[in-house]
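[1] here are the coordinates; sequence isn't available:
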């Protein structure tokens, strides 16, 4: 498990821990996020009865992955909400040509949530079949990130690596994970 760090340390985020994994094998990208936080600290949507592709998920609590083929400008942004709504975007280069990746019609998402002794534990996993989009043998690079909305309405930005003066998950120099 890899530990995500907040862009800026904030006293009201004390006790929050976010870890993740990213695996690429046989044309399937597997993501897992494990969040521990004091109960009531974060705004989390309840799982929807019917998950769907939705835009704007990053405007509230959203778990994300950014992946690209090493040496290529094109990359993908994957958004997973605690409601289990999702989206995958393709970009041609840094913040250019954002479009929904229409070759993906659905992704498999699982979630487990519990609260014990005032501590919320949430585990969100996704399997994304990319075999029709990417060659199984290609070398991927990426970053795992999250936008977390506090119960007070503020947003906190988490990533494996923050490489700029502002939170910017699209920066390729922050893609520190390699397949």
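    It's in. Source: prediction; values computed, not measured.
[2] Centroid-nearest residue for this protein?
    The C-alpha lying nearest the average C-alpha coordinate of the chain belongs to residue 64 (CA atoms, centre = their mean; 1.4 Å).
[3] Against residue 142, how distant is it?
    For residue 64, the distance to residue 142 equals 10 Å [CB to CB, to the nearest Å]. Bear in mind the C-beta positions are built from the backbone N, C-alpha and C, glycine included.
[4] can you check residue 63 too?
    Counting by CB to CB, the gap between residue 63 and residue 142 amounts to 13 Å.
[5] Give me the more crowded residue out of those two.
    The residue with more neighbours, out of residue 63 and residue 142, is residue 63; 29 against 25, by other CB atoms under 10 Å.
[6] which residues touch that one?
    Applying CB atoms under 8 Å, 6 or more residues apart in numbering, one finds that residue 63 lies in contact with 20, 31, 33, 79, 80, 81, 82, 124, 145, 146.
[7] Next, it: phi, psi?
    Backbone torsions for residue 63, taken as degrees, to the nearest 10, come to phi -100, psi 140.
[8] Bridged to it, which residues?
    Beta-bridge pairing for residue 63 (DSSP bridges): residue 80, residue 146.
[9] if we can go back for a sec, specify which member of the contacts of residue 63 is nearest to residue 136.
    Closest approach between the contacts of residue 63 and residue 136, by CB to CB: residue 31, at 17.3 Å.
[10] neighbours around that closest one, how many?
    By other CB under 10 Å, neighbour count at residue 31 equals 23.
[11] partner residues bridging it?
    Listed beta-bridge partners, residue 31: residue 22, residue 126 (assigned using DSSP bridges).
[12] how much space between it and residue 64?
    Computed as CB to CB, the residue 31 to residue 64 distance reads 9 Å.
[13] tell me, what's touching the two both at once?
    Common contact partners of residue 31 and residue 64 (CB under 8 Å, 6+ apart): 78, 80, 144.
[14] and the helix or strand encompassing the first one, which residues are buried?
    Meaning residue 78. In this structure, residue 78 is located in strand 75-81 according to DSSP states H and E. Residues of strand 75-81 classed as buried: 75, 76, 77, 78, 79, 80, 81 (neighbour count, 16 or more other CB atoms under 10 Å).
[15] follow-up on the earlier one: the closest residue to the residue nearest to the centre of the chain other than its chain neighbours - how many residues pack around it?
    Closest residue to residue 64 apart from its sequence neighbours, by CB to CB, 6 or more residues apart in numbering: residue 145 at 4.5 Å. Neighbour count of residue 145, defined by other CB under 10 Å: 29.
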